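Here is a sequence with its predicted model. Questions after.
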Amino acid sequence: MALHQNLSPHFQQSGFKPRGIKRKYSYPRLVRWCMLGVMLLVSLVISGCVQYDVGVKVAGPHQGVLVQQIHLDEELSGFAGKQAKQWLGGIESRVRSLGGEVKRASAQDLTVKIPFTNAQDLTKKFQRFFQPETTEQKDSQALPDLNLRFSLDQSNLLLLQRCHLRLDADLRSLGLVAADGEVIINPGSLFNLQFSLESPWGAKNIDRVDNPILPAIDQGGHRLTWQLQAAELNHIEAVFWLPNPLGLGAIVITLLMLVGFYVKHRQMPWHQAPS
């Protein structure tokens, strides 16, 4: 260091370094720039790679189907073809274990349908698909961690059923988050996730959080579609109505009894003279 200090100003300004003197680099800064470069490269290579749509179609009190449409861009198939194939294969095995059907339009497009008979059946199948058992996870380790919790509660109001749907989607595992909670990589360009609800009499969105996800309304209000935010907590609530078969059946039975009484006595029960 003394040799370098005794050099003439001309050599110091020219950037000359004596032999044996090494320039000091900041190792943490170098690592940080390398990480940023790798993250930028990954985001550019596999940008916009997964389109995942989950939909609940309710046709009646005892009829409906859980539909999932998945599309993988060609960039993902070329960048991680083996993992993508394993991911789709895991989805197919789960669907078949729940009594559903699978249709493949191409190597990158997959459509699955899982029928359900009531609210309890839908909740059970939804949770089994997105929250599988440990033994099922071993066969589909390439599946991303979509932490979805679903519930559908029903209450009978004479002629109608009030259905209350809730969905909590914890998608923070899809992003790279720092220790202080700041999102370093937002995978919004990597995963396009949507959830939709379709019911015969329409549905109403319920806002119970500070920053609610407002749905897109289609088919005259019969279909609501929410765009889920990757790397964030998502909360969805909606209410829709269905006819109550028990209430309608009770009214039909009552009407038949009144008709039979009138045919037999030629008067209604409340007009019968006291004995």
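Nice, thanks for sending it over.

the strands in the stretch 101-250 of the chain, which residues?
Assigned by DSSP state E, counting those that start in this stretch, the strands in the stretch 101-250 of the chain fall at 101-104, 109-116, 147-157, 160-170, 176-177, 183-185, 191-198, 203-205, 216-218, 223-228, 233-243.

can those go into TSV with extra columns for distance to Q127, mean pLDDT and mean neighbour count?
From N, CA and C alone the C-beta is placed, and that goes for glycine too. Shown next, in TSV, are those (distance: least, CB to CB, whole Å; pLDDT from 0 to 100; neighbours: other CB atoms under 10 Å):
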stretch	distance to Q127	mean pLDDT	mean neighbour count
strand 101-104	20	94	13
strand 109-116	12	95	19
strand 147-157	6	91	15
strand 160-170	11	94	18
strand 176-177	25	48	15
strand 183-185	27	48	15
strand 191-198	15	93	20
strand 203-205	21	95	16
strand 216-218	26	95	12
strand 223-228	17	96	19
strand 233-243	16	95	17
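
Using CSV, please lay out the ones you listed together with distance to L255.
Below are those laid out as CSV (distance: least, CB to CB, whole Å):
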stretch, distance to L255
strand 101-104, 41
strand 109-116, 32
strand 147-157, 20
strand 160-170, 18
strand 176-177, 61
strand 183-185, 61
strand 191-198, 32
strand 203-205, 31
strand 216-218, 37
strand 223-228, 35
strand 233-243, 16
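
pull the longest helix from this structure.
If you go by DSSP state H, the chain has its longest helix at helix 245-265.

Indicate which one of the strands of the stretch 101-250 of the chain is closest to Q86.
strand 109-116 (13.1 Å; CB to CB).

on contacts alone, who are the packing partners of the closest one?
If you count contacts as 3 or more CB pairs under 8 Å, 6 or more residues apart in numbering; DSSP states H and E, strand 109-116 packs onto strand 63-72, helix 81-97, strand 101-104, helix 119-130.

of all these, which lies closest to W201?
Nearest of those to W201, taken as CB to CB: strand 63-72 at 13.5 Å.

so what does that closest one touch, helix or strand wise?
By 3+ CB pairs under 8 Å, 6+ apart, strand 63-72 packs against strand 50-60, helix 81-97, strand 109-116, helix 119-130.

If we go by neighbour counts, what in the longest one is buried?
Residues of helix 81-97 classed as buried under the neighbour-count rule (16 or more other CB atoms under 10 Å) are 84, 86-88, 90-91, 94-95.

taking the mean pLDDT, what do you get for it?
Averaging pLDDT along helix 81-97 gives 84.

angle of it against helix 119-130?
Counting by axes from the mean of the first three to the mean of the last three CA atoms, to 10 degrees, helix 81-97 lies at 160 degrees to helix 119-130.

circling back to that earlier point, dump the helices and strands packed on strand 109-116 into CSV; add distance to K113 as well.
As requested, these are exported to CSV (distance: least, CB to CB, whole Å):
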stretch, distance to K113
strand 63-72, 5
helix 81-97, 8
strand 101-104, 5
helix 119-130, 11
